[in-house]
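In: With the sequence up front, the predicted model follows.
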Amino acid sequence: MKNILWTLLFGAGSVLAANDVVVGSDVSKIQSELASEVKSQLITSEQAEEMELNRAETYEVTSTVSVENLELQIAEKLKDSIMPYYSIEYNEPTNDDDRFTAIVTEYFGKVE
């Protein structure tokens with residue numbers, strides 16, 4: 001009986017955590033929506049390093065509403081950007097946080 005209670009408690013915690021985590025399917029949806037709204041190109045931080053790009057600005061975007069709201073906020077920040085590249089890192093799963101979070105980094109070309 002004790003094991004069943006622990007399983008139920010931990011199982012419920014993982015379900016709760018799943019509500020505030022940006023998962024793979026959410027990432028794909030955000031990236032495709034941003035591609036149509038933003039003129040900058042999405043790259044990974046590893047690609048930025050390989051391309052020897054310079055970091056222009058890094059900022060956190062947070063939503064307590066939904067993944068869709070997070071995407072809207074990211075798009076609003078990037079729409080007016082003149083930087084040609086950006087990368088996004090999404091939040092890690094937590095049990096005590098009800099926010100959707102992304103770290104956006106904008107890059108510009110190699111300075112010669």
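Out: Structure received. Just so we're clear, the structure is a prediction, and the values are computed from it rather than from any experiment. Numbering: from 1, shown residues only.
In: all contacts plus neighbour counts: C-alpha atoms, from now on.
Out: Noted.
In: Output the below-cut-off pLDDT ranges for this structure.
Out: By pLDDT under 70, the weakly predicted segments of the chain are 1-24, 92-95, 111-112.
In: where exactly do the helices run in it?
Out: 2-19, 24-37, 45-50, 67-79 (DSSP state H).
In: List the buried residues for the third one?
Out: Using 16 or more other CA atoms under 10 Å as the test for burial, helix 45-50 gives 45, 48.
In: Report the distance from it to the chain centre.
Out: 17 Å (CA atoms, centre = their mean, to the nearest Å).
In: Check what contacts it and list those residues.
Out: 54, 87, 107 (CA atoms under 8 Å, 6 or more residues apart in numbering).
In: Pick the one among these closest to residue 76.
Out: Nearest to residue 76 among the contacts of helix 45-50, counting by CA to CA, is residue 87 at 15.0 Å.
In: quick one: contacts for the closest one?
Out: 42-45, 104-106.
In: Distance of it relative to residue 80?
Out: Counting by CA to CA, to the nearest Å, the gap from residue 87 to residue 80 is 16 Å.
In: Stretch 99-112: which residues count as buried?
Out: So for stretch 99-112, counting by 16+ other CA under 10 Å, buried means 99-102, 104-108.
In: With respect to residue 38, which of the residues you listed is nearest?
Out: residue 106 (12.4 Å).
In: count of residues packed around the closest residue to that closest one other than its chain neighbours?
Out: Nearest residue to residue 106, sequence neighbours excluded (CA to CA, 6 or more residues apart in numbering): residue 86, at 4.2 Å. Counted with other CA atoms under 10 Å, the neighbours of residue 86 add up to 23.
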